[in-house]
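Colleague: What follows is a predicted protein model with its sequence.
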Amino acid sequence: MIIHSRNRHEFAIFFPLSGCNAGNFIITDPDLVHRISHVLRVEKGQSILLFDQKKSARFVCLQFSKKELQGTLETLQSHAQHTLAITVLLPVLKREALEEAVYGLTECGVSEIQLVLTDKMQRKWNGAREKERLERIIIAAAEQSKHFKIPNIKEPIGLFQAVTSLTIPLISADVEGQPYKHVPLSQIAVLVGPEADFSEKEQLLIKEKSAQLIRLTPTVLRAQQAAVVMVGMLQSLA
């Protein structure tokens with residue numbers, strides 16, 4: 001859900017709002033207080049947007065100190081539901097490419113990112129530490145874009161398991177595919193290939209799943225570009 005700014009620019013910050021109520025409010029996290037006052041340089045009387053996975057609210061800053069920030073929390077609002085819930089089956093790409101993809105997909109408002117392991121995967125998954133880093137990237141993307149419906153990112157599973165367990169329609173980016181045939185849907189899954197493409201076995205699996213193969217552009221896109229372009233296309237049609 002996007003809340004329109006009253007100021008010239010209004011920063012958005014991830015903040016747990018469970019149990020919070022509208023009215024006088026104090027932020028006591030010293031790191032967050034420092035970020036708001038010294039990094040973002042928010043001034044007295046200005047407002048920021050606080051959000052978590054479920055709700056958002058405007059906070060008007062009234063009094064700063066080194067340890068706390070006092071102000072007023074306005075009415076909490078639940079995030080609007082997506083018109084189209086998009087699950088992205090995203091291969092574990094090279095680290096920089098994966099982070100770029102996760103950032104862009106969050107900006108585009110996907111509901112879920114299921115990481116997948118593919119036959120031609122070019123590196124190892126770094127477990128909980130890497131997942132935590134991706135979760136921080138998701139929060140940063142949500143703060144920047146003010147799209148507060150934070151996607152759930154799931155630990156990698158094999159492509160076979162990811163595809164065969166789907167109960168919703170699947171579309172896959174393919175340079176030899178056809179233009180997308182839009183059908184009104186409430187849920188859809190999106191798949192893009194890894195840097196070295198799918199193996200022949202994986203390509204057969206995708207076809208057996210009756211995935212609609214979509215040609216996004218006349219050129220070959222990088223995986224992280226293809227994922228964001230496809231999701232952007234779907235969102236524009238929803």
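Modeller: That came in fine, so what should we check first?
Colleague: Tyr103 versus Gln144, what's the distance?
Modeller: With distances taken as Cβ to Cβ, to the nearest Å, Gln144 is found 8 Å from Tyr103. (Each C-beta comes from the backbone N, C-alpha and C, glycine too.)
Colleague: before we move on, what about Thr219?
Modeller: 22 Å.
Colleague: one step back: when Gln144 and Tyr103 are compared, which one has more neighbours?
Modeller: Between Gln144 and Tyr103, counted using other Cβ atoms under 10 Å, Tyr103 has the larger neighbour count: 20 against 13.
Colleague: Would you confirm that the more buried one contacts Ala140?
Modeller: Yes: using Cβ atoms under 8 Å, Tyr103 is in contact with Ala140, at 7.3 Å.
Colleague: in stretch 180-193, what's buried?
Modeller: Within stretch 180-193, the residues that count as buried by 16 or more other Cβ atoms under 10 Å are Tyr180, Ile188, Ala189, Val190, Leu191, Val192, Gly193.
Colleague: ignore the last one, stretch 167-176
Modeller: Of the residues in stretch 167-176, Leu170, Ile171, Ser172, Ala173, Asp174, Val175 count as buried by neighbour count, 16+ other Cβ under 10 Å.
Colleague: Equivalent analysis for stretch 38-53, please.
Modeller: Val42, Gln46, Ser47, Ile48, Leu49, Leu50, Phe51, Asp52.
Colleague: Dig out what the fourth one forms beta bridges with.
Modeller: Beta bridges link Ile48 to Phe59, judged by DSSP bridges.
Colleague: quick one, what contacts it?
Modeller: By Cβ atoms under 8 Å, 6 or more residues apart in numbering, the contact set of Ile48 is Glu10, Phe11, Ala12, Ile13, Ile36, Leu40, Val42, Arg58, Phe59, Cys61.
Colleague: leaving aside the residues next to it on the chain, what's closest to the residue nearest the centre of the chain?
Modeller: Centroid check for the chain by Cα atoms, centre = their mean gives Thr106 as the closest residue, at 2.1 Å. Spatial nearest neighbour of Thr106, excluding adjacent residues (Cβ to Cβ, 6 or more residues apart in numbering): Ala141 at 3.7 Å.
Colleague: Mind pulling up the pLDDT for the one you found?
Modeller: Listed pLDDT for Ala141 reads 96.
Colleague: is it fair to say it lies in a helix?
Modeller: Yes: according to DSSP: H, G, I helix; E, B strand; the rest coil, Ala141 belongs to a helix.
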